[in-house]
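K.L.:
Take this sequence and fold it.
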Amino acid sequence: MAKRERVLRMSVEQPLWRALTAYRLLTMVYAILLATFGRDKYERPWVAIAFLAVMAVWTLATLPKVANAASCTKRFLGADLALALAGILLTPLADFDAQHLDGPTLPSIWTAGSVLAFAIKGGWRWAALASTFVAVANIIERGEPSRDTFHNVLLVWVASIAVGYVVEVARASERTLARALEIEAATRERERLARDIHDSVLQVLAMVQRRGTALGGEAAELGRMAGEQEVALRTLVSSGLVPTTRVSEDTSEGAVVRTVEVDDREDGPSGSADFDLRALLAPHAGSRVSFAEPGAPVLLAPAAAKELAAAVSAALDNVRVHAGQGAQAWILVEDWPDEVIVTVRDDGPGIPEGRLAQAEGEGRMGVALSIRGRLRDLGGTAELISVPGQGTEVELKVPKASRGKAGSGR
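P.N.:
The predicted structure is shown next:
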């Protein structure tokens, strides 16, 4: 059954668009108030009134355009910058002394909002282009620009380029994080499939190889073929060539919606209610496996209980394969306030020093994936203690917090 997981993550640049929206509104009000209190200085006040009216209507009407990157089109940016430049160049027509005095232009600091929109949309290169146009317009408007004029122009130019550069860095970081999340999701899914394959197909192939070799004749040839397929499948699994995770992304409305699709087979207990771990482990009890449990239910989330039971099953498989036919095994379940501990112990010959590392190098990932990998995904630990001649003990610890993470690793 296909499982779809949607993770809503706010784009790192979205707060900048919100700030720009507020900036345009506040600076629009500021420019109008500035012109209102200084109306006596205008020789042609109707020029100032007409421009400020157009600027106010444009600002209010285009608020959705500066809500996110998708809405802020190149056409809008060009028209917005053209309006700001027109306001700067119209200032001498409304105030004859504007070229001789370092007073504010008609749009005042509203002009910086147009430049910042370029910076947020296209990065520092777009910001440099827009601020250059504003700088030229200011120099033309002043006629004989003063030191303060150059200072203000340089300030806008540097600030806009800095904002654009920060936006580009933030976008690059977001892309890196998105790629890391994709790799992590794909890796976890490959490990999960590798565990399932080890617990089923690989175990069967290994058994066919052993039995075929023991029987001889045509069965020996069948065992040899099964052994070859086991080696090939182990190599495929350990190389990580199992493409099972697909990640797509939607950036509409300024948010990033990441969709992860994996093939999720639910072959164990499901649902949101806690599950009694004892019910999953009790079937292992038999003449050569002793099972000790608490008198009360040992509750875990269904997914956590299933994975822990699978790890116990993998440990018992290792006992049957490596400890010999006459080996005895014990399962002990301990239910602590903050964790569940399951211990699997046998009286076999133990594991020689360095054998686990050698097995992983040969692609035999039973302990690494079927046991330790499962416990790691649950936030727990798996400790293996083995002394040659004195048996092996595997201690599996799962935190009770795994109840709230049911299915998180799937």
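K.L.:
can you give me the helices in the stretch 1-150 of the chain?
P.N.:
Read by DSSP state H, counting those that start in this stretch, the stretch 1-150 of the chain holds these helices, from start to end of the chain: 14-37, 45-61, 74-94, 110-122, 124-142, 147-197.
K.L.:
for the protein, which spans come out with low pLDDT?
P.N.:
1-12, 96-102, 144-149, 190-205, 228-273, 325, 352-370, 402-410 (pLDDT under 70).
K.L.:
residue with max distance from the center of it?
P.N.:
Computed with C-alpha atoms, centre = their mean, the maximum C-alpha offset from the centroid of the chain is found at residue 43, amounting to 59.7 Å.
K.L.:
Quickly note the distance from that one to residue 77.
P.N.:
Relative to residue 77, residue 43 is positioned 33 Å away (C-beta to C-beta, to the nearest Å). C-betas here are computed from N, CA, C, even on glycine.
K.L.:
same thing with residue 323?
P.N.:
Distance check for residue 323 against residue 77: by C-beta to C-beta, it reads 73 Å.
K.L.:
Also residue 216?
P.N.:
Between residue 216 and residue 77 the distance is 81 Å, computed by C-beta to C-beta.
K.L.:
neighbour count winner among these two?
P.N.:
Neighbour count, other C-beta atoms under 10 Å: between residue 216 and residue 77, residue 77 has more, with 20 against 10.
K.L.:
In contact with the more buried one, which residues are there?
P.N.:
Residue 77 makes contact with 114, 117, 118, 121, 130, according to C-beta atoms under 8 Å, 6 or more residues apart in numbering.
K.L.:
Now distance to residue 170 and neighbour count too, for those, in TSV please.
P.N.:
As requested, the contacts of residue 77 are arranged in TSV below (distance: C-beta to C-beta, whole Å; neighbours: other C-beta atoms under 10 Å):
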residue	distance to residue 170	neighbour count
114	21	25
117	16	27
118	16	27
121	13	23
130	19	30
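K.L.:
Closest one to residue 316 out of the residues you listed, please.
P.N.:
Nearest to residue 316, judged by C-beta to C-beta, of the contacts of residue 77 is residue 121 at 60.6 Å.
K.L.:
contacting residues around that closest one?
P.N.:
69, 72, 77.
K.L.:
try 10 Å this time
P.N.:
13, 17, 20, 66, 68-69, 72-74, 76-77, 127, 130, 164, 167 (C-beta atoms under 10 Å, 6 or more residues apart in numbering).
K.L.:
Tell me the one of those residues nearest residue 339?
P.N.:
Within these, proximity to residue 339 (C-beta to C-beta) peaks at residue 13, which comes in at 42.0 Å.
K.L.:
roughly how far apart are that closest one and residue 73?
P.N.:
16 Å.
K.L.:
so how far does stretch 324-334 reach from one end to the other?
P.N.:
Taking C-alpha to C-alpha, to the nearest Å as the measure, stretch 324-334 stretches 27 Å from start to finish.
K.L.:
Mind listing residues that contact it?
P.N.:
In this structure, residues lying in contact with stretch 324-334 by C-beta under 10 Å, 6+ apart are 277-278, 281-282, 284-294, 298, 308, 312, 315-316, 318-320, 323, 340-349, 391-393, 395-397.
K.L.:
Is it possible to mark the buried ones in those residues?
P.N.:
Restricting these to buried positions leaves 277-278, 281, 284, 288-289, 291, 293, 298, 308, 312, 315-316, 318-320, 323, 340, 342-349, 391-393, 395-397, with burial counted as 16 or more other C-beta atoms under 10 Å.
K.L.:
What about these, which are in helices?
P.N.:
Judged by DSSP state H, the buried ones among the contacts of stretch 324-334 include 277, 278, 281, 308, 312, 315, 316, 318, 319, 320 as members of helices.
K.L.:
which one of those is nearest residue 209?
P.N.:
Within the set of those, residue 320 lies nearest residue 209; the separation is 15.1 Å, counting by C-beta to C-beta.
K.L.:
Please consider this matter closed, and thank you.
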